[in-house]
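> Fold the following and give me the result.
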Amino acid sequence: MYFENKTLENITAEQELLVSVMEKNGLECDGGWDFDRMTFDKRFDLKEGRYYLRVFCQAISGDVGNRSAVLKIAKPALGKYYYPHGVEYGEDEVFPKHLVTECEQILESVKKEFAAFGIEA
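The predicted model follows:
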């Protein structure tokens, strides 16, 4: 499930600030990076299964590996984890309403944090 119109999409920020804001809101990038991208996750273990709120970022300049990148946020997603296949984001997935609401609140908090630095989509 992709979050439409949450206004994180297209926010551009320096890597150090981006990592700080994401971590402050519980989103971590543990190994989810390459030299031109980063992926921030928040894991939710519920009785219905394991879910991930995922925020994808693409480097528009610099290098993620040496922490000098400027990154642009893509459309955030919520996915359900299936062992051993991985995370599915498809329209056929059913997500608990309380989880969707919590994820929307997290994304709103991230948006406000960037706005405090004068950064908006």
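
> Let's check: the centremost residue of the chain is which one?
residue 55 (1.6 Å; Cα atoms, centre = their mean).

> From the contact counts, what lies against the strand or helix carrying that residue?
Taking DSSP states H and E as the criterion, residue 55 maps to strand 49-61. Other helices and strands packing on strand 49-61, by 3 or more Cβ pairs under 8 Å, 6 or more residues apart in numbering; DSSP states H and E, are strand 37-46, strand 70-73, strand 77-82, helix 97-116. Every C-beta, even on glycine, is put in place using the N, C-alpha and C of the backbone.

> Burial check on residue 85, number of neighbours?
Residue 85 is flanked by 7 other residues according to other Cβ atoms under 10 Å.

> Just the pLDDT at it, thanks.
Looking at residue 85, its pLDDT reads 90.

> Quick check on it: phi, psi?
With angles defined as degrees, to the nearest 10, residue 85 sits at phi -80, psi -30.

> any idea how far it lies from residue 79?
To residue 79, residue 85 is 11 Å away according to Cβ to Cβ, to the nearest Å.

> Then residue 69?
24 Å.

> Likewise for residue 99?
11 Å.
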